[in-house]
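# What follows is a protein structure lacking sequence information:
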């Protein structure tokens with residue numbers, strides 16, 4: 001019984017994490033799409049902060065999934081660091 005409760009808790013937390021990740025992805029995708037529509041070059045599209053776990057480059061944009069899944073960012077050309 002105890003293992004069942006722990007398993008339910010794990011799946012609940014997993015569902016919450018996936019849900020928040022999906023909201024973050026859609027939000028950052030909005031920034032990405034509007035930048036591209038307006039002719040602004042996107043340097044980095046990242047879900048999460050910190051060091052990248054996985055990344056690849058397509059065209060001039062680097063796409064990343066990073067260590068801390070607490071948000072995301074879109075780095076635009078011309079932004080000051």
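Alright, I've got the coordinates. Quick caveat: nothing in here was measured; it's all calculated off a predicted structure.

# by contact count, what packs against whichever strand or helix holds residue 9?
Counting by DSSP states H and E, the element that carries residue 9 is helix 2-37. Helix 2-37 sits against strand 42-58, strand 61-76, with contacts defined as 3 or more Cβ pairs under 8 Å, 6 or more residues apart in numbering; DSSP states H and E. C-betas here are computed from N, CA, C, even on glycine.

# Mind putting those strands into TSV with distance to residue 15?
Formatted as TSV, these follow (distance: least, Cβ to Cβ, whole Å):
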stretch	distance to residue 15
strand 42-58	17
strand 61-76	14
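
# Relative to residue 28, which of the ones you listed is closest?
Closest to residue 28 of the helices and strands packed on helix 2-37, according to Cβ to Cβ: strand 61-76, at 4.3 Å.

# which ones are touching residue 63?
44, 45, 46, 55, 56, 57 (Cβ atoms under 8 Å, 6 or more residues apart in numbering).

# Could you give the number of residues near the last one?
This means residue 57. 10 (other Cβ atoms under 10 Å).

# Also the first one?
With neighbours defined by other Cβ under 10 Å, the count for residue 44 comes to 16.

# Identify the bridge partners of it.
residue 62, residue 75 (DSSP bridges).

# got it, and the fifth one?
Taking DSSP bridges, one obtains residue 63 as the residues bridged to residue 56.

# Output the below-cut-off pLDDT ranges for this protein.
For the chain, the stretches with pLDDT under 70 are 1-5, 81.

# what residue is smack in the middle of this protein?
Most central in the chain under Cα atoms, centre = their mean is residue 47, positioned 1.6 Å from the mean C-alpha point.

# residues touching that residue, list them.
Neighbours of residue 47 in contact, by Cβ under 8 Å, 6+ apart: 21, 24, 25, 28, 64, 65, 66, 69, 72.

# again, but for residue 52
Taking Cβ under 8 Å, 6+ apart as the contact definition, residue 52 lies against 46, 64, 65, 66, 67.

# out of those, which one sits closest to residue 6?
For those, the nearest to residue 6 is residue 67 (25.3 Å; Cβ to Cβ).

# Quick check: the closest one touching residue 51?
Yes. Under the criterion of Cβ atoms under 8 Å, residue 67 lies in contact with residue 51, with a separation of 5.4 Å.
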